[in-house]
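Student: next one to model:
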Amino acid sequence: MKRIANGRRLALALTTILALTGLAATVALAGGSPGGPPDKLVIAYQPGIGYAPLIVIKDQRWIEKRYPGTQIEWKVLASGAAITDGVIKGDIHVGAGGVGPLLVGWARGVDWKYIAPLNEGDLWLMAKDPSIKTIEDLRGKRIAMPSPTSIQAMVLRKMAQVKLGDAKALDRGIISMDHPDAMQALLSGQIDAHLTSPPFQFQEKVRGAHVIARSYTYFGAHSFLGAMVTQKFYDEHTAFSKALYQDVVRAIALIEKNPDRVAKILQADAGGSPTNRQFKQWITNPALKYTTRPRGLVRFAAFMNRIGAISRMPSSWRELVFPPVYPTKGS
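Tutor: Predicted coordinates:
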């Protein structure tokens, strides 16, 4: 009788262990596992090939396959301000944005960092009017960019400081416009200049605009875009955050090794136009380099701090990124 009782206890214990194991597996798949994503995950970015790593991740459904129980919503928003506001409010969990908004938010106490830098980008200041040839020619002119806190705005202020002796000399001419609208406005003569990004600067050059200045001339090679999450999100969803970083690394490797395939992905994501051949030319242009290494964050912060755009300085570039990024040896 004692052997039977012990056998029943053992069977009951095994059944309980199996049930708990099955429950744990179910929770892990559902996205409710410790460190996994929330039940609903919102990822947002803007139009442009700078976001190609995220577009690849979306197309390949790597997150959905890893967490089939999680509802994933991808948003393409015209405004960087809408993305940063969404991240701050918690409506957007992963938001892609430029170095400017990252530093402005951080300096104002927003507890966010890059979980995955996406690229380095040489941003071009474009004009179509042949009489506008230099920074000096932009006094009193209308200059479009995403916002006065965008990375483009910081680049324009550095150009103004170097060439005009006053970082804010051209501020009154700044017009907040998303890049697609600003490109059309430039080409139709509604604005005088556009401080833009790939692929819009490439398109504008092909259609008759010319380059007045380039950001690399003033800051050296620098990070352009990255995926941001808050410290709270990272702490609660660490395993997911680390996996997202690895997904970005994987997507960048695919861009480098198979640009033809990625170009077709981008063409399909854009609704069939431009052509995949055009996308390939853009993603392999040396003005844009896909990498998770953050570069020039401290240079931007130092300049922004000098002109009063931010009130404090990070102790190092590591203060602006999460631990998965540390091994990249940024700056």
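Student: run through the chain and note the low-pLDDT ranges.
Tutor: 1-34 (pLDDT under 70).
Student: mind listing what L254 touches?
Tutor: V56, R261, V262 (Cβ atoms under 8 Å, 6 or more residues apart in numbering). Glycine gets a C-beta too; all of them are placed from N, C-alpha and C.
Student: and for Y234?
Tutor: Contacts of Y234 by Cβ under 8 Å, 6+ apart are K113, I115, S241, F322.
Student: kindly report the same for P101.
Tutor: G80, A81, T84, S147, T149, S150, I151.
Student: and what of Y290?
Tutor: A52, P53, L118, N119, I252, I255, E256, I283.
Student: and the residues you listed, which are buried?
Tutor: A52, P53, L118, N119, I252, I255, I283 (16 or more other Cβ atoms under 10 Å).
Student: buried residues in the one helix or strand the first one maps to?
Tutor: In this structure, A52 is located in helix 52-60 according to DSSP states H and E. Neighbour-count burial for helix 52-60, with 16+ other Cβ under 10 Å as criterion, is recorded at A52, P53, L54, I55, V56, I57, K58, D59.
Student: just the helices in this protein please.
Tutor: Listed in chain order, the helices of the chain (DSSP state H) span 2-30, 52-60, 62-66, 80-89, 99-107, 151-164, 179-187, 200-206, 215-219, 231-236, 238-257, 259-269, 276-283, 297-306.
Student: with respect to D129, which of the ones you listed lies nearest?
Tutor: helix 179-187 (9.5 Å; Cβ to Cβ).
Student: would you check which pair of the contacts of P101 lies furthest apart?
Tutor: Top of the distance list for the contacts of P101 (Cβ to Cβ): A81 and I151, 13.1 Å.
Student: so for those two, which sits in the more crowded spot?
Tutor: I151 (29 against 17; other Cβ atoms under 10 Å).
Student: verify the stated contact: the more buried one with L123.
Tutor: Yes. Judged on Cβ atoms under 8 Å, I151 makes contact with L123 at a distance of 7.1 Å.
Student: give me the common contacts of these two.
Tutor: Common neighbours of I151 and L123 (Cβ under 8 Å, 6+ apart) are F224.
Student: and the gap between the residue nearest to E120 when sequence neighbours are not counted and G189?
Tutor: Distances taken as Cβ to Cβ, 6 or more residues apart in numbering put K289 closest to E120, at 4.6 Å, once the chain neighbours are dropped. Distance from K289 to G189, counting by Cβ to Cβ, to the nearest Å: 33 Å.
Student: repeat that for P198.
Tutor: 23 Å.
Student: tell me which of the two has more neighbours.
Tutor: P198 (23 against 9).
Student: quick one: contacts for the nearest residue in space to the more buried one that is not next to it in sequence?
Tutor: Once flanking residues are discounted, P198 sits nearest to L288: 4.6 Å by Cβ to Cβ, 6+ apart. Going by Cβ under 8 Å, 6+ apart, L288 touches I49, G50, N119, E120, G121, D122, P198, F224, W282.
Student: most neighbours, which of those?
Tutor: Most surrounded of the contacts of L288: other Cβ under 10 Å gives G121, at 27 neighbours.
Student: bridged to that residue, which residues?
Tutor: On the basis of DSSP bridges, G121 is bridged to L288.
Student: measure the closest residue to P180 other than its chain neighbours to M183 for me?
Tutor: Counting by Cβ to Cβ, 6+ apart, P180 lies nearest to P47, which is 6.1 Å off, once chain neighbours are set aside. As for P47, its distance to M183 is 11 Å (criterion: Cβ to Cβ).
Student: ok, the two, which is more surrounded?
Tutor: When neighbours are counted by other Cβ under 10 Å, P47 and M183 differ, and M183 comes out ahead with 23 against 15.
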